[in-house]
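Enquirer: curious how this folds, go ahead:
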Amino acid sequence: MSQNKDIKALLEKFALSQCNEEETERLIGYLKMRSSVDFPEVEDLIGQMNAFKKMDTSSADEIFQRIMAYNKEGHKKIKSKGHRKMSFLKYSAVAAGFIGVIAITYINRSQYIFNNSKKTSVALDTFNINEQKVEVVTLQLQNGNIEVISDDGTSEVIDEKGNIVGKQKGNQIVYNGKATTKNLEYNILVVPFGKNFELLLSDGTTVHLNAGTSLKYPVQFLPGMERQVFLMGEAFFDVSKDLEHPFIINSGDLNIRVLGTKFNVTAYGEDEVTEVVLIEGSVGLYNEIKQFEKDRFLLKPGQKGSYDKKHKDIASEEVITGLYTSWMKGELVFRNMTFDNILKKMERNYNVSIINNNVNIKDDKFNASFKNAPIAKVMEYFKTAYKLDYTISGREITIH
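Expert: Numbering: from 1, shown residues only. Below you'll find the model as predicted:
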């Protein structure tokens with residue numbers, strides 16, 4: 001915990017242009033150990049920070065507020081370019097890359113870095129950061145700019161040509177579907193621990209995103225092309241029917257292909273299995289390295305398809321679908337779930353850090369249900385039912 005406080009303090013000093021060479025080196029080393037991103041050498045970084053360091057205190061402070069995402073703006077425009085608001089990707093190439101990576105690192109525990117390619121699919125890398133620092137929803141635009149979504153605010157989503165392509169109000173963004181470009185432009189929505197969010201995509205598809213989830217999607221789906229999105233985390237999809245344009249969800253190694261249907265996908269990076277629970281309609285599941293074949297592996301309503309990431313195989317079974325969509329009603333449900341996975345789910349749901357020193361039960365399976373229950377009530381249940389001792393200190397819970 002002391003290291004986390006030190007890093008946070010260094011981030012603030014860096015944003016205010018107060019880091020010396022040794023402190024900057026510490027920040028670079030910290031991030032190098034926790035991601036696959038290539039950082040510049042310290043000497044190069046220091047040498048190219050002149051423009052960044054010439055900023056006035058108020059400008060630097062605004063960047064820091066964006067990094068830590070503590071600003072609570074009411075109404076703003078989310079633009080790709082052509083505006084004078086501060087952005088971490090503005091001052092210099094080095095400052096852009098470095099501050100952008102810092103911000104993304106602290107925005108979400110499992111954040112996508114998407115690399116465009118000529119293929120329909122997009123290569124994915126992930127950060128696996130053990131600190132959950134930021135508590136706001138963020139939207140990454142096509143040009144890489146990252147904007148904060150205020151819980152109680154409104155805003156407009158602007159494409160690179162200055163067209164309004166969507167509007168945000170509270171925990172929802174609605175894209176209007178008006179054709180403004182012939183090329184695919186992507187946004188990436190990141191939902192942190194402890195929050196949910198809703199999207200209405202340009203084709204009329206509704207997506208409910210659970211805590212700790214990232215979704216990359218086109219601002220507008222284009223005629224003659226598949227409707228493809230990229231998911232890490234958990235989301236419920238109500239896909240608008242379009243026989244000529246299949247809807248495809250890429251969740252790592254697994255592709256989910258639909259025409260129009262309702263289903264839930266659980267695909268967190270740390271989970272060993274990706275699960276797809278079908279409510280209505282039909283979906284086809286296939287590995288990303290294989291081409292889709294009709295009737296190869298289709299789910300029926302009431303079935304759950306499970307993709308084993310290690311063995312790369314798919315199995316299905318009948319389930320009670322309501323157990324897998326209850327999170328949208330604020331319910332927390334554990335069914336035949338290992339204690340280790342329960343703790344991960346609780347961390348995401350409540351935005352807490354849980355240290356389990358009782359390793360003897362990490363693989364034991366439990367059943368329980370809670371509706372809009374505070375974390376203390378859930379912990380008291382385990383204490384009473386399973387004789388577990390614990391302590392709570394702020395947002396850190398220790399199980400003894």
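Enquirer: which neighbouring elements make contact with the top strand by length along the chain?
Expert: Longest strand in the chain by number of residues, with DSSP state E as the criterion: strand 227-238. Where contact means 3 or more CB pairs under 8 Å, 6 or more residues apart in numbering; DSSP states H and E, strand 227-238 is packed against strand 112-115, strand 123-126, strand 206-209, strand 213-218, strand 247-251, strand 262-267. From N, CA and C alone the C-beta is placed, and that goes for glycine too.
Enquirer: among these, which is nearest Ile320?
Expert: strand 262-267 (12.3 Å; CB to CB).
Enquirer: who's in contact with Gly233?
Expert: 110, 191, 209-215, 267-268 (CB atoms under 8 Å, 6 or more residues apart in numbering).
Enquirer: which non-adjacent residue is nearest Val207?
Expert: Leu199 (4.4 Å; CB to CB, 6 or more residues apart in numbering).
Enquirer: and if you look at Phe263?
Expert: Closest to Phe263 by CB to CB, 6+ apart is Leu278, at 4.7 Å.
Enquirer: again with Ile361
Expert: In this structure, Ile361 finds its nearest non-sequential neighbour in Phe339, 5.1 Å apart by CB to CB, 6+ apart.
Enquirer: can you get me a residue count around Thr138?
Expert: 22 (other CB atoms under 10 Å).
Enquirer: tell me the bridge partners for it.
Expert: For Thr138, the beta-bridge partners under DSSP bridges are Val148, Val190.
Enquirer: related to what we said a few turns ago, the residue nearest to Phe263: neighbour count?
Expert: 26.
Enquirer: filter the contacts of Gly233 to the buried ones?
Expert: Neighbour-count burial (16 or more other CB atoms under 10 Å) is assigned, among those, to 110, 191, 209-215, 267-268.
Enquirer: can you list the buried residues in stretch 392-400?
Expert: By 16+ other CB under 10 Å, the buried positions in stretch 392-400 come out as 397, 399.
Enquirer: same question for that stretch, mean pLDDT?
Expert: Mean pLDDT, stretch 392-400: 93.
Enquirer: just the CA coordinates of that stretch, formatted as CSV?
Expert: Extracted in CSV, the C-alpha atoms of stretch 392-400 (Å, rounded to 0.1, in the frame of the first residue of the first chain):
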residue,chain,number,x,y,z
ILE,A,392,-12.1,-3.9,6.7
SER,A,393,-9.8,-0.9,6.5
GLY,A,394,-11.1,1.6,4.0
ARG,A,395,-11.4,-0.2,0.7
GLU,A,396,-9.1,-3.0,1.7
ILE,A,397,-10.5,-6.2,3.1
THR,A,398,-8.3,-8.9,4.7
ILE,A,399,-9.6,-12.4,5.3
HIS,A,400,-7.7,-14.2,8.1
